[in-house]
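> give me a model of this one.
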Amino acid sequence: MLSCWKAAVVSLVAASTASAQADRAAEALHRFELDNGLELIVVENHAAPLATVLLAIRGGAAVQVKGEEGLAHLFEHVVFRSYGNEPAAFHIDAAKLNAISNGATDHELVYYFLTLPSENTEKGIRLLGRLITRAEFRRRDLKDEVNIVLDELERGQSDPEQALMRQVSRHLWGEAWHRRDLGGDSVSLMAITEDRLTEDYARFYVPNNAALIVTGDVSPSSVFEDTERHFGEWKRGPDPFDGAQFAPILPLSRSRAALVSHDPLYDVTIRLAMQGPSLRDDRAATYAADVLLQILNEPSSVFQERLVGSGLFQALGSSYLTLSEVGPITIAGKTTAFAAHDALLALIAQIDSLNLLVGVTDEDLAIAKKRREVDAVLALESTGTLAPSVASWWAGAGMDYYLSYRERLNAQTLEDLRQFARRYLVNQPRVIGMLGPTATMARIEDWLRGSSGKP
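Next up, the predicted model:
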């Protein structure tokens, strides 16, 4: 860590591979640390007179225990209600700063943010400081927010695509589902008390488990002074993860299926999910995962030509979510009811031959590298989306991982990609999720049963 009185300008890419433009962008990122352990990350960009101020807390769904699914999300809601004497008090004060305000809960963090005119940055830091460091939980607020969260869940459950995603996720994580369930349900949410919220607040909402991320038209030295002024008295606490034990995420023992029927539908969604690498146990594979899936998503790739170019799919995309403990790999696409069976078979066949890297060459690695260089520079231009992205990296992988990320991706070889494919994709247990018309899903279910769930 850096001394609280010293800031370091850190490079986002290796000097030997970065363009002059990327080098200038790299100089925009600054890191500080307050005496109480609060990390401060500033990304300077004067292209527009706007700034985003975001306070991130490590935790999220990953620290939930069984029976308290959705606690992290509910907590985020109630924190806003704890500000002032009326439900909208925080957002009213934010509006006075001409700010957009909101919060979000993810797998490994919860964050609260403001996007506002840069001339109001110091006031935004003060507002977030008051929100986070003085939270108190009242029964009436908890009751009201439980109802709001339940309404959100009901709206999500009415969406068949979200219902499919949730069923696939439940099968993928098994007994550790409570550590991946962002929303929860009526039983788990109604069981949470204000005392339980206070307990979690005391444990996780300490400065040495937090980061303030400020992006946009700001001065790093001024932001540091403002942060120390409004967060400096926040008391350090014990490390909330020291000695903590969470339910382990066990590997899938066999492939599973999750079929969702919905009428009227005229197309079919196919979602294949697998357990991917973990930052904790196989950091090297996380880079290979990102590079290979980026190549698979290229419209000109053999993978896309055989599945989309052939007409079996209308669209197909692959993703891997980097997490401290077992990130999910998802390959999802749209097909027709008529082609659903053949599309699923072809997709599985392509996945189970990825170790051959058919059509993947060193030239593909070079093209992917160039795209990442451009994307990284463009990302710095969007202060609103950059701050949440940095927060996610900070909470899960850590800033050292983030700062060397592109350099590590650029160093990946074809053999690295093969090893990743062999271990995590080829003939590995997976969850096969499908959404479509009732008659189509009935035929798919009969076929899966007849093939012992191994299409």
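> what about the helices in the stretch 151-300 of the chain?
160-173, 186-190, 194-204, 220-231, 283-296 (DSSP state H, counting those that start in this stretch).
> quick one: distance of the shortest one to the chain centre.
Centroid displacement of helix 186-190 relative to its chain, using CA atoms, centre = their mean, to the nearest Å, is 24 Å.
> now the fourth one
Taking the mean of its C-alpha atoms, helix 220-231 sits 28 Å from the chain's own mean (CA atoms, centre = their mean).
> which residue ranges of this protein form strands?
8-9, 29-33, 39-44, 50-58, 100-105, 109-117, 210-216, 256-261, 267-275, 315-320, 328-336, 431-436 (DSSP state E).
> determine which stretch of the helices of the stretch 151-300 of the chain is the most buried.
When those are scored by mean count of other CB atoms under 10 Å, the highest mean neighbour count falls to helix 283-296 (a mean of 22). All C-beta spots, glycine's among them, are computed from the backbone N, C-alpha and C.
> how far does that helix sit from its chain's centre?
Using CA atoms, centre = their mean, the offset of helix 283-296 from its chain centre is 16 Å.
> for stretch 206-224, same thing?
21 Å.
> what residues sit buried inside it?
By neighbour count on 16 or more other CB atoms under 10 Å, the buried set for stretch 206-224 is 206-218, 220, 223-224.
> and if you look at stretch 238-248?
residue 240.
> quick one: mean pLDDT over it.
Computed over stretch 238-248, the mean pLDDT rounds to 93.
> which residues are contacting it?
Here stretch 238-248 makes contact (CB atoms under 8 Å, 6 or more residues apart in numbering) with 58-59, 62-63, 65-66, 175-176, 178-179, 203-204, 206, 208-209.
> where in the chain is pLDDT low?
For the chain, residues meeting the criterion pLDDT under 70 lie at 1-27, 383, 451-455.
> hang on, the earlier thing: in a markdown table: the helices of the stretch 151-300 of the chain, plus distance to residue 319.
As requested, the helices of the stretch 151-300 of the chain are arranged in a markdown table below (distance: least, CB to CB, whole Å):
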| stretch | distance to residue 319 |
| --- | --- |
| helix 160-173 | 12 |
| helix 186-190 | 27 |
| helix 194-204 | 28 |
| helix 220-231 | 33 |
| helix 283-296 | 6 |
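> to residue 119, which of these lies closest?
Closest of the helices of the stretch 151-300 of the chain to residue 119 is helix 220-231, at 11.5 Å (criterion: CB to CB).
> list the helices and strands the closest one packs on?
Judged by 3 or more CB pairs under 8 Å, 6 or more residues apart in numbering; DSSP states H and E, helix 220-231 is in contact with strand 29-33, strand 39-44, helix 121-133, strand 210-216.
> in JSON lines, list the ones you listed along with distance to residue 376.
JSON lines is the format used below for the helices and strands packed on helix 220-231 (distance: least, CB to CB, whole Å):
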{"stretch": "strand 29-33", "distance to residue 376": "11"}
{"stretch": "strand 39-44", "distance to residue 376": "12"}
{"stretch": "helix 121-133", "distance to residue 376": "24"}
{"stretch": "strand 210-216", "distance to residue 376": "14"}
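> most tightly packed of those?
Buried most deeply of the helices and strands packed on helix 220-231, by mean count of other CB under 10 Å, is strand 210-216, with a mean of 26.
> can you list the strands that that strand pairs with?
Strand pairing for strand 210-216, determined by DSSP bridges: strand 39-44 (parallel), strand 50-58 (antiparallel).
> hang on, the earlier thing: report the two of the contacts of stretch 238-248 separated the most.
Those two in the contacts of stretch 238-248 that are separated most widely, counting by CB to CB, are 175 and 208, at 30.9 Å.
> leaving out chain neighbours, which residue sits closest to residue 104?
Excluding its sequence neighbours, the residue lying closest to residue 104 (CB to CB, 6 or more residues apart in numbering) is residue 111, at 5.8 Å.
> I'd say the one you found and residue 388 touch.
Yes. Counting by CB atoms under 8 Å, residue 111 does reach residue 388; the two are 6.6 Å apart.
> more neighbours: those two, which one.
residue 111 (24 against 18; other CB atoms under 10 Å).
> for the more buried one, name its beta-bridge partners.
Bridge pairing for residue 111 - DSSP bridges - gives residue 56, residue 104.
> contact partners for the closest residue to residue 142 other than its chain neighbours?
Spatial nearest neighbour of residue 142, chain neighbours left out: residue 194 (5.2 Å); criterion: CB to CB, 6+ apart. Residue 194 sits next to 137, 138, 139, 142 when contact means CB under 8 Å, 6+ apart.
> can you tell me how far the last one is from residue 317?
When CB to CB, to the nearest Å is applied, the distance between residue 142 and residue 317 equals 39 Å.
> those two: which is more packed in?
Ranked by neighbour count (other CB under 10 Å), residue 142 and residue 317 place residue 142 first, with 22 against 15.
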